[in-house]
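Colleague: sequence first, then the predicted structure, then my questions.
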Amino acid sequence: MLYLIGLGLAYPEDITVRGLNAVKKCSRVYLEHYTSILMNSTQEELETFYEKKVTLADREMVESGCEEIMADADKLDVAFLVVGDVFGATTHTDLVLRCKQRNIPVEVIHNASIMNAAGACGLQLYNFGQTISMVFFTDSWKPDSWYDKVLENRKIGLHTLVLLDIKVKEPNLESMARGRIVYEPPRYMSIAQCCKQLLEVEETRSLEAYTPNTPCVAISRLGSNKQKFKSGTIKELSEYDSGEPLHSLVILGRQVHELELEYLLEFTDNKESFIKNVKADQEYFKPAPWVPPNQDDDC
Ligand SMILES: C[S@@+](CC[C@H](N)C(=O)[O-])C[C@H]1O[C@@H](n2cnc3c(N)ncnc32)[C@H](O)[C@@H]1O
């Protein structure tokens, strides 16, 4: 059996009892190590907690065939651990499909994910639209397909969860060109960088999906002992020091409920200005009033 096990957000003990029981009986244990990190634990601490060796599975191992992970999983129990929930990242359905093609039985053991725990900022999960990922821009590569999704969400009044890029084990391109593999130190996008990139793309696309004064909430290290929220406009948060990773951002939708607003006010430096910006933003994106079709027009 290949067990795909969610670890939850931060601590070794966040694994579920069913997940832990499965890990304990596995012959090999892999920890997926490129879409997220377990903030309150190291690989060694996990090994002590499980009383098992844990092998780090980088992007190359998982995405180029997963052969090592699947080897003998039709005869032995193997665990593939994912920080958060197994399906909180888009990549792991591929592993399940490959197992199905080879008749390897798969069992998924779920856990909390940033995709649901983000509700801790006070915004209702039911009012969220499409989630987007913000990648690190380079001088020549500034992907902005996410902009259309923010626009769609904002047009129908929904909040947008923005997941921020992390680069845990990226090869240095110059060394690679010289035939040597050298890895860059890990990099984690900050809230300020994400907001600066949002502003940069609004400048070029100019469809007014949002403005510098659009209200947001920054979610840092959720579920850890250093969890922190900060409400402010995109412009304000582009100057915010969000500290250690991990971070996510929520761009507010137009339909902010009064209880959502009350919750967010706990996290702002200036309540009056935040309320003013929320109200102005709601007006700005108000849709045209719905007009019933004129029956005569149909004839
Ligand atoms: C590709 S997602 C993987 C999500 C993970 N599998 C899950 O279900 O939570 C990784 C991104 O989610 C966000 N994220 C994950 N855990 C977080 C946390 N505890 N606090 C804030 N953001 C988090 C960060 O933006 C991070 O770069």
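Modeller: Sure, I can see it.

Colleague: going forward, measure contacts and count neighbours with C-alpha atoms only.
Modeller: Noted.

Colleague: quick one: the one helix or strand residue 98 maps to near the ligand?
Modeller: Under the criterion of DSSP states H and E, residue 98 resides in helix 92-101. No: if you take CA under 6 Å from any ligand atom as the test, helix 92-101 misses the ligand, and the best it gets is 9.3 Å.

Colleague: how far away from the center of its chain is the next helix or strand along the chain from that helix?
Modeller: Per DSSP H and E, the first helix or strand lying C-terminal to helix 92-101 is strand 106-109. Computed by CA atoms, centre = their mean, to the nearest Å, the chain-centroid distance of strand 106-109 equals 22 Å.

Colleague: quick one: the helix holding residue 98 to chain centroid distance?
Modeller: In terms of CA atoms, centre = their mean, the centre of helix 92-101 is found 22 Å from the chain centre.

Colleague: and for stretch 62-71?
Modeller: Relative to its chain's centre, stretch 62-71 lies at 24 Å (CA atoms, centre = their mean).

Colleague: does residue 123 count as helix, strand or coil?
Modeller: Residue 123 falls in the coil class when you classify it by DSSP: H, G, I helix; E, B strand; the rest coil.

Colleague: burial measure for it, as a count.
Modeller: 22 (other CA atoms under 10 Å).

Colleague: doesn't residue 216 make contact with residue 281?
Modeller: No: using CA atoms under 8 Å, residue 281 makes no contact with residue 216, being 11.0 Å away.

Colleague: what sits against the residue most central in space within the chain?
Modeller: For the chain, the residue nearest the mean C-alpha position is residue 163 (3.5 Å; CA atoms, centre = their mean). If a contact means CA atoms under 8 Å, 6 or more residues apart in numbering, then residue 163 has 131, 132, 133, 134, 247, 248, 249 as its contacts.

Colleague: so does whichever strand or helix holds it get close to the ligand?
Modeller: Here residue 163, judged by DSSP H and E, is contained in strand 160-164. Yes: residues of strand 160-164 contacting the ligand under CA under 6 Å from any ligand atom: 163, 164.

Colleague: what's the local residue count around the closest residue to residue 183 other than its chain neighbours?
Modeller: Using CA to CA, 6 or more residues apart in numbering and skipping residues adjacent in sequence, the residue nearest residue 183 is residue 171, 4.3 Å away. Neighbour count for residue 171, taken as other CA under 10 Å: 15.

Colleague: and residue 241, by the same measure?
Modeller: Residue 241 sits with 11 neighbouring residues when counted by other CA under 10 Å.
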